[in-house]
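Asker: Okay, here's the prediction I keep looking at, along with the sequence it came from:
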Amino acid sequence: MDSNPLEDTLARVSRFASILGISRAELRIYSTLLLEGQMTARQLAEQLGISYTKIYSLLIKLEERGWIKRLGKKPAVYEAIPLRDLWASIKKMIEIKVDEFEKEFIEPLSSLLSPSSTYSITMIPPDKIKSTFYEILDEGNKVSIAISYPELLSEDIIQAIKAKSYTSPDLRVIIQSDINIPEISGLQIRKLSNMFGSGLITSTAVLLIIKNADKLSGLFSNHKYIVDIATVYFNHLWTQAK
C-alpha cells in the first residue's frame, strides 16, 4: 500500500500537537485548506470524510485559533492562513503553555523546596545552540542525545560526543534514520524514523532543539521535573529505536 505523505506527517505531528490541545482532525482541515485552497464546509466534510455537523465545530475552533479565515456568506468559504503565520501562532501558544506550567506547577512546587533551590527555563537563540550543547555535554553525566537535524551533527559535535563517550560509558545517542554518523567504538547508537526535534538530556539538565525557518533554536531547563519528563520520553524512544 502506498504511503500518504500528508497522513504520515499528521500521524507524526499529532502526538505532540495533542499536548497543546490540537486534534488531528484540526490539523487535517488546516492542511487541506493550505494545500487545496479555499473550500466550503460541505466540500471539506466530503473530502475528509467528516460529518457535516462535526466539520462546523472544528472550523469554529480553527477560526478561534486564528488558523483559518471565513470568507463570504451562504455558502461561506474557508482559507488557511500562511504557514509562517501558523508557526508564529504555535510558538506563541507554546510560550503561553510553558508560562502556565511554570505558574501553576513549577512555582508552587519550588515554594516547597529549600530557599537555596534554583532552576531556570530559558529560550536559546540560534547563535547559542552549539555553545549551550557543548556546555551541557561537558558538564553532564548520564547523557542521552537525540539528533534529527543533520546540520546539528557537525564534525565538532561528533568529536565532542566521541570524547564524552570515553568518560561516560552510559552515553546513548538516537539518530534520525536517514542521517549518517561515523562509527564510534563503545558508543551506544540507535536509529529511529520520524523523529520530532533534537535534544540533549543529562541527570540535571535538558536542552530541546527545534527548527524554525531553517534555523535551530532551543529551550533549556535544569528543573528536576522537566528533566525527569524528558528522560522518560527519551527512554520510550530508545525502546522503539533500532
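Answerer: Everything's here; your move.
Asker: Just to be sure, K211 is in a strand?
Answerer: Yes. Assessed by DSSP: H, G, I helix; E, B strand; the rest coil, K211 belongs to a strand.
Asker: what about it, neighbour count?
Answerer: 15 (other Cβ atoms under 10 Å). C-beta here means a position set from N, CA and C on the backbone, and glycine is covered the same way.
Asker: Skipping its backbone neighbours, what lies nearest it in space?
Answerer: Once flanking residues are discounted, K211 sits nearest to Y149: 5.9 Å by Cβ to Cβ, 6 or more residues apart in numbering.
Asker: quick one: contacts for the one you found?
Answerer: 176, 198, 209, 211, 216 (Cβ atoms under 8 Å, 6 or more residues apart in numbering).
Asker: quick one: it and E63, what's the gap?
Answerer: 33 Å (Cβ to Cβ, to the nearest Å).
Asker: How are the helices of this protein distributed by residue range?
Answerer: Using DSSP state H, the helices of the chain run over 5-17, 24-36, 41-48, 52-65, 83-101, 107-112, 129-139, 155-167, 224-240.
Asker: Pull the residues that contact the fifth one.
Answerer: This points to helix 83-101. Outside helix 83-101, the residues that touch it by Cβ under 8 Å, 6+ apart are 19-20, 30, 34, 65-67, 80-81, 121, 212-213, 219.
Asker: quick one: it to helix 24-36, angle?
Answerer: Counting by axes from the mean of the first three to the mean of the last three Cα atoms, to 10 degrees, helix 83-101 lies at 160 degrees to helix 24-36.
Asker: Give me the buried positions along helix 83-101.
Answerer: 86, 90, 98 (16 or more other Cβ atoms under 10 Å).
Asker: If anything else comes up later, I'll come back, but that's it for now.
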